[in-house]
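Student: Please work out how this folds:
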Amino acid sequence: MLKMLKSHRARQASERLTFGEVWVDSGYIFTTPLGTPIDPRNLLREFKAICVKAGLGDWRLHELRHSAASLMLAMGVPLQVVSEVLGHGSIRMTADVYGHILEPDRQALADAMGSLLWSKGSLR
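Tutor: Numbers count the residues shown, from 1 in each chain. Sure, this is the predicted structure:
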């Protein structure tokens with residue numbers, strides 16, 4: 001992540017030089033090429049276009065949050081940690097929303113993957 005942020009900062013410095021006095025130092029990390037804050041509607045429009053182009057269909061930004069939480073839980077990250085990452089006020093909120101990903105389903109997922117990966121005729 002640090003490498004990506006440094007690359008972003010270098011790209012932004014180049015934009016700053018390209019646009020000179022027109023470039024606005026807004027103080028934000030992620031901006032338009034002119035340094036101004038990104039309009040949420042433009043961000044959403046671009047995000048949706050990327051999702052459609054990638055064959056994912058019509059996604060909303062919130063679905064990234066849900067996917068990240070589901071993946072963390074499926075990989076065994078403790079519920080308390082996932083709750084803190086999401087900024088939930090209580091672990092109960094996280095359990096209510098993502099309870100379907102907890103232990104029984106994780107075990108079923110692991111069993112299904114193991115069967116698929118290590119069954120006769122599978123690629124090893």
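Student: State the helix or strand in which the residue positioned nearest the centre of the chain lies.
Tutor: Nearest residue to the geometric centre of the chain (C-alpha atoms, centre = their mean): Leu64, 4.7 Å. If you go by DSSP states H and E, Leu64 is part of helix 62-74.
Student: cool, Glu15 as well?
Tutor: Short version, using DSSP H and E: Glu15 is in helix 2-19.
Student: CA atoms only: put the following helix or strand past that helix into CSV for me.
Tutor: Downstream of helix 2-19, the first helix or strand assigned by DSSP H and E is helix 40-53. This file holds the C-alpha atoms of helix 40-53, laid out as CSV (Å, rounded to 0.1, in the frame of the first residue of the first chain):
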residue,chain,number,x,y,z
PRO,A,40,-18.8,12.0,-5.5
ARG,A,41,-21.2,11.7,-8.5
ASN,A,42,-18.2,11.5,-10.9
LEU,A,43,-16.5,8.9,-8.7
LEU,A,44,-19.7,6.8,-8.6
ARG,A,45,-20.1,7.1,-12.4
GLU,A,46,-16.5,6.1,-13.0
PHE,A,47,-16.7,3.2,-10.5
LYS,A,48,-19.9,1.9,-12.1
ALA,A,49,-18.3,2.0,-15.6
ILE,A,50,-15.2,0.1,-14.4
CYS,A,51,-17.5,-2.6,-12.8
VAL,A,52,-19.5,-3.0,-16.0
LYS,A,53,-16.3,-3.1,-18.1
